[in-house]
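*Asks:* Please work out how this folds:
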Amino acid sequence: MRERAILLGKDSVRAVLDGRKTQTRRVIKNIEQWMLEDQGDGTVMFQDRETGDQHNALVACPFGRVGDHLWVRETWKPTGLFASSRNMETEGCGHFAYAADGEQRERDRHIKWRPSIHMPRWASRITLEITSIKVERLQDISENDASAEGCPFHIERRKLHIDRDDTARGWYRQWWKGKYGVKSWDKNPFVWVAEFKRIDVVI
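*Replies:* Next up, the predicted model:
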């Protein structure tokens, strides 16, 4: 079992904490080939569309493999007396505020939020275990899988405006465009799909 960090935005963190988000997708970068075969072990074989060459075309999933852990990096900050400490790592953890929670103590408002990319392992509160990995075209996402991406319909359905497509897939399409650009959905790239469950770990 290996551990890797994964960055999640505030909405995604809230969805994980609520139990709504159990999947995440990432574009397979620098791949211009057609997919040939999912090896079923966290790797995929690609075939060049012009030459048919398979040499050096085995691509490994950046999330890892089934059973590996992902610790979540999110926007955060140390709080109270802990915020001014120079020895946070050695003094233990637990004295933090997280932007996804949407609240903080008045005494901590002067402390600046820290970007998720700068979160150390010992400040992370969420650990996920990968339960499955697959590869598919972005637009092949099913209604159930779109719901597993954290669709908030059952919480605030009336607040959403989904371009005449009142489905989880419609929500996810709009979410993807908002995050990666208006034309990103139409490109229909191959994506890694990692399914996970939240676990409790002792750091």
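*Asks:* Now do the strands in the chain.
*Replies:* With DSSP state E as the criterion, the chain has strands at 3-7, 23-27, 34-38, 43-47, 58-60, 69-73, 76-78, 96-98, 127-137, 190-199.
*Asks:* Can you lay out those strands as CSV showing mean pLDDT, mean neighbour count and distance to residue 174?
*Replies:* Every residue, glycine included, has its C-beta placed from N, CA and C. Shown next, in CSV, are the strands of the chain (pLDDT from 0 to 100; neighbours: other CB atoms under 10 Å; distance: least, CB to CB, whole Å):
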stretch, mean pLDDT, mean neighbour count, distance to residue 174
strand 3-7, 96, 15, 21
strand 23-27, 95, 17, 15
strand 34-38, 65, 14, 26
strand 43-47, 73, 18, 28
strand 58-60, 73, 15, 29
strand 69-73, 97, 20, 23
strand 76-78, 90, 19, 27
strand 96-98, 90, 21, 25
strand 127-137, 93, 17, 18
strand 190-199, 94, 18, 17
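*Asks:* out of those, nearest to residue 178?
*Replies:* Across those, residue 178 has its closest neighbour in strand 23-27 (14.3 Å, CB to CB).
*Asks:* In contact with residue 68, which residues are there?
*Replies:* Residue 68 is in contact with 1, 2, 3, 4, 129, 130, counting by CB atoms under 8 Å, 6 or more residues apart in numbering.
*Asks:* what does residue 116 give?
*Replies:* Each residue near residue 116 by CB under 8 Å, 6+ apart is listed here: 7, 8, 9, 73, 74, 75, 76.
*Asks:* on that earlier part again, I'd like the contacts of residue 68 as TSV, with distance to residue 24 appended.
*Replies:* Shown next, in TSV, are the contacts of residue 68 (distance: CB to CB, whole Å):
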residue	distance to residue 24
1	19
2	17
3	16
4	12
129	13
130	10
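*Asks:* Among those residues, which one lies nearest to residue 42?
*Replies:* Nearest to residue 42 among the contacts of residue 68, with distances taken as CB to CB, is residue 130, at 8.5 Å.
*Asks:* Show me which pair in the contacts of residue 116 is furthest apart.
*Replies:* Once CB to CB is applied, the contacts of residue 116 give 9 and 76 as the farthest pair, at 12.8 Å.
*Asks:* could you dump the strands of the chain to JSON lines with distance to residue 144?
*Replies:* Shown next, in JSON lines, are these (distance: least, CB to CB, whole Å):
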{"stretch": "strand 3-7", "distance to residue 144": "22"}
{"stretch": "strand 23-27", "distance to residue 144": "10"}
{"stretch": "strand 34-38", "distance to residue 144": "19"}
{"stretch": "strand 43-47", "distance to residue 144": "22"}
{"stretch": "strand 58-60", "distance to residue 144": "26"}
{"stretch": "strand 69-73", "distance to residue 144": "21"}
{"stretch": "strand 76-78", "distance to residue 144": "32"}
{"stretch": "strand 96-98", "distance to residue 144": "29"}
{"stretch": "strand 127-137", "distance to residue 144": "13"}
{"stretch": "strand 190-199", "distance to residue 144": "11"}
